[in-house]
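Undergrad: Pasting the sequence and the predicted model now:
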Amino acid sequence: MPALPNSLALIGNTPLVRLAGPSAAAGCDIFGKCEFTNPGASVKDRAALAIVEDAEARGVLMPGGTIVEGTAGNTGIGLALVANAKGYRNVVVMPETQSREKMDTLRALGSELVLVPAAPFSSPCHFVHTSRRIADEREGAVWANQFDNVANRRAHIHGTAEEIWAQMDGRVDGFTCAVGTGGTLAGVGMGLKAKDERVRVALSDPHGASLYNWYAHGELKGEGSSVAEGIGQGRITGNLEGAPIDTQYRIGDVEGLEWVDRLLTEEGLCLGLSSGINVAGAVRLGRELGAGARVVTILCDTGFRYLSTLHNRDWLVTKGLPVPARLAD
């Protein structure tokens with residue numbers, strides 16, 4: 001690999017790995033895109049860079065400006081790194097329910113961190129609306145608007161999907177992931193279907209989100225709850241409009257956490273719950289497609305970001321979730 005020209009060139013071009021346990025469970029080949037190898041250790045680095053470069057190209061983000069965003073954490077981390085590399089300031093508004101590791105990381109990166117109580121999107125106190133108000137009030141500030149800014153999904157149409165297609169030698173039968181903003185699922189789905197319209201694109205939705213019912217029954221209705229961070233959506237975002245979704249699965253936390261544990265103990269991959277939910281969805285899609293199928297999903301971020309939650313025995317007990325054998329003592 002040749003030397004890269006700058007640190008931002010480290011974003012993207014992530015490895016793709018065959019996952020042995022999920023492949024055996026599905027009866028076909030399941031592959032994970034290792035987005036935890038991005039500089040900010042998550043898939044959100046891609047959207048962060050695309051959103052900033054789009055704002056620069058449109059002339060709304062000027063030298064010395066400020067990038068403001070409402071985020072569950074990972075997009076904020078990506079934006080903080082991009083802002084540092086480009087000489088901008090960064091403000092992140094985040095629900096106070098997110099992991100301590102994300103908060104500590106953002107502070108360490110130099111972001112101005114604003115914590116707000118968790119609130120429904122209909123509330124003016126929701127972290128997204130709060131971030132928009134802050135951007136409106138500060139001179140030289142730009143609101144990233146990751147949920148409705150389609151620069152987000154373009155990063156995956158022209159980046160992630162192209163990489164997957166090349167890494168899979170043009171043989172992809174299915175793709176699935178969960179939705180936070182919708183940029184990854186919509187963008188990769190659009191990019192892969194432009195190569196081969198037969199690629200089956202599936203939504204893997206956590207409990208508590210509304211999109212499963214939307215795509216299955218045409219009704220935005222959430223049922224249950226999930227402890228997953230950064231995924232789960234109750235509306236059709238700008239990035240989701242026109243997304244080519246063929247089928248949908250609802251994945252519970254216990255099923256997702258089982259794959260988090262198995263991937264760690266059997267394959268040495270320390271991941272977060274969104275990755276576990278994605279892998280569970282990939283196994284379901286693989287079973288439907290049958291022997292010989294090749295299914296790709298997203299390994300969203302590192303599990304080291306959840307040491308105080310998903311990988312902590314006491315926290316799992318307080319949430320009524322099963323404690324894996326590796327944490328039992």
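TA: Done, it's in.

Undergrad: Just give the closest residue to Asp136, not the sequence neighbours.
TA: Excluding the flanking residues, the one nearest Asp136 by Cβ to Cβ, 6 or more residues apart in numbering is Trp143, at 7.5 Å. Glycine gets a C-beta too; all of them are placed from N, C-alpha and C.

Undergrad: what do you get for Asn239?
TA: Per Cβ to Cβ, 6+ apart, closest to Asn239 is Gly182, 4.0 Å.

Undergrad: need the contact list for the spatially closest residue to Thr97 that is not a sequence neighbour.
TA: Excluding its sequence neighbours, the residue lying closest to Thr97 (Cβ to Cβ, 6+ apart) is Ala118, at 4.8 Å. By Cβ atoms under 8 Å, 6 or more residues apart in numbering, Ala118 lies in contact with Pro95, Glu96, Thr97.

Undergrad: ok, of these, which come out buried?
TA: Pro95 (16 or more other Cβ atoms under 10 Å).

Undergrad: Can you flag which of the contacts of Ala118 belong to strands?
TA: Those of those mapping onto strands are Pro95, per DSSP state E.

Undergrad: hang on, the earlier thing: show the backbone phi and psi for the residue nearest to Asn239.
TA: Backbone torsions for Gly182, taken as degrees, to the nearest 10, come to phi 100, psi -10.

Undergrad: Same question for Gly70.
TA: Dihedral angles of Gly70 (phi, psi; degrees, to the nearest 10) stand at phi -100, psi 130.

Undergrad: What residues are bridge-paired with it?
TA: Val93 (DSSP bridges).

Undergrad: ok, it - contacts?
TA: Contact partners of Gly70, counting by Cβ under 8 Å, 6+ apart, are Val92, Val93, Met94, His126, Phe127, Val128, His129, Thr130, Ser131, Arg132.

Undergrad: now it: how far from Tyr306?
TA: 20 Å (Cβ to Cβ, to the nearest Å).

Undergrad: and if you look at Arg46?
TA: With the distance defined as Cβ to Cβ, Arg46 ends up 21 Å from Tyr306.

Undergrad: about what we covered before: any chance of a markdown table for the contacts of Ala118, columns pLDDT and distance to Gly252?
TA: Below are these laid out as a markdown table (pLDDT from 0 to 100; distance: Cβ to Cβ, whole Å):
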| residue | pLDDT | distance to Gly252 |
| --- | --- | --- |
| Pro95 | 91 | 22 |
| Glu96 | 92 | 25 |
| Thr97 | 88 | 19 |
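
Undergrad: List the buried residues for stretch 117-135?
TA: For stretch 117-135, by 16+ other Cβ under 10 Å, it's His126, Phe127, Val128, His129, Thr130, Ser131, Arg132, Ile134, Ala135.

Undergrad: dump the residue contacts of Val142.
TA: Residues in contact with Val142 (Cβ under 8 Å, 6+ apart) are Ala55, Val60, Leu61, Gly65, Thr66, Ile67, Val68, Ala135.

Undergrad: before we move on, what about Ala293?
TA: Ala26, Cys28, Asp29, Asp173, Gly174, Gly286.

Undergrad: and stretch 133-143, how far out from the chain's middle?
TA: With Cα atoms, centre = their mean, to the nearest Å as the basis, stretch 133-143 stands 25 Å off its chain's centre.

Undergrad: Using CSV, write out every CA atom in that stretch.
TA: Presented in CSV, the C-alpha positions along stretch 133-143 are these (Å, rounded to 0.1, in the frame of the first residue of the first chain):
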residue,chain,number,x,y,z
ARG,A,133,-30.6,26.0,17.4
ILE,A,134,-27.0,26.2,18.5
ALA,A,135,-25.9,26.3,14.9
ASP,A,136,-28.4,29.0,14.1
GLU,A,137,-27.2,31.1,17.0
ARG,A,138,-23.5,31.0,16.4
GLU,A,139,-21.7,33.1,13.8
GLY,A,140,-19.8,31.1,11.3
ALA,A,141,-21.5,27.8,12.4
VAL,A,142,-22.8,25.1,10.1
TRP,A,143,-25.3,22.4,11.1
